[in-house]
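# sequence plus the predicted model coming up.
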Amino acid sequence: EADIYQTPRYLVIGTGKKITLECSQTMGHDKMYWYQQDPGMELHLIHYSYGVNSTEKGDLSSESTVSRIRTEHFPLTLESARPSHTSQYLCASSDPQAWSTDTQYFGPGTRLTVL
Amino acid sequence: EDQVTQSPEALRLQEGESSSLNCSYTVSGLRGLFWYRQDPGKGPEFLFTLYSAGEEKEKERLKATLTKKESFLHITAPKPEDSATYLCAFAGNSGAGSYQLTFGKGTKLSVIP
């Protein structure tokens, strides 16, 4: 069973504020991911990491940034929040398997609303 | 372009009424087909991974199957607690490697008592 945590679960914030969404996992997984999901729409990958000190941008362009200083921690930061950033943000992690495509396990998500 | 389409968008079933959800995909080289369950306001919960045509996996009332062009999630005698959105995703031989999953929009299943 996956042990991946996200805080806060819900956040309502004003335009222009800096915010950091937290994601932690206790499974020792090397790979971590951030997805964005709007209601009724697909999940879109915005950032991923192979491991410590590794970060890459995903398919969906995003104004957010990420860091990976510790294996278990993968925070996402928005320097200046805007209403267009209102969405559900989902964090995931996976354990690379040499013999197959590794399965991603998701956290509960953060619902962000920017007024 | 790699893509995945799920149908129907929404499905209402009476309790005990079996049915199937469809996931059709186009990808240059399939490295894995995933099914997830997502409850409202929560993250997706992993159900199955399928790797090759003909493969089948089962879990309680759910059975996933895979062909070269589509996957089905069969639900046998569903219960109200099976109500959720079911997501399909695949990993293909994209330049980014196996960690890129392409998700469908999901099928919202409602099981009525």
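Happy to help now that I have it. Residues are numbered from 1 along each chain as shown, chains lettered A, B, ... in the order given.

# give me the most central residue, chain A.
residue A:34 (2.8 Å; C-alpha atoms, centre = their mean).

# so that one belongs to a helix, correct?
No - Residue A:34 is assigned strand when assessed by DSSP: H, G, I helix; E, B strand; the rest coil, not a helix.

# who's in contact with it?
A:23, A:45-48, A:58, A:64, A:66, A:74, A:76, A:89-92 (C-beta atoms under 8 Å, 6 or more residues apart in numbering or on different chains). Every residue, glycine included, has its C-beta placed from N, CA and C.

# report the lowest-confidence entry in those.
Lowest pLDDT among the contacts of residue A:34: residue A:58, with 87.

# test my guess that that one contacts residue A:49.
No - contact criterion C-beta atoms under 8 Å: residue A:58 and residue A:49 do not qualify, at 10.7 Å.

# for residue B:47, give me its contacts.
Residue B:47 neighbours (C-beta under 8 Å, 6+ apart): B:34-37, B:59, B:62, B:64, B:73, B:86.

# who's in contact with the nearest residue to residue B:11 once chain neighbours are set aside?
Setting aside the residues directly before and after it, residue B:11 is nearest to residue B:109 in space (C-beta to C-beta, 6 or more residues apart in numbering or on different chains), at 5.2 Å. Neighbour list for residue B:109: B:10-11, B:13, B:21, B:75, B:78, B:82-86 [criterion: C-beta under 8 Å, 6+ apart].

# inside strands: which ones of those?
Among the contacts of residue B:109, DSSP state E puts B:10-11, B:13, B:21, B:75, B:84-86 in strands.

# helix/strand/coil for the residue nearest to the residue nearest to the centre of chain A when sequence neighbours are not counted?
Nearest non-adjacent residue to residue A:34, counting by C-beta to C-beta, 6+ apart: residue A:47, 4.4 Å away. Three-state call for residue A:47 (three-state DSSP): strand.

# distance check, residue A:47 against chain B.
Note on residue A:47: its distance to chain B, by C-beta to the nearest C-beta, to the nearest Å, is 12 Å.

# so what's that residue bridging to?
residue A:34, residue A:57 (DSSP bridges).

# number of nearby residues for it?
Using other C-beta atoms under 10 Å in any protein chain shown, residue A:47 has 23 other residues around it.
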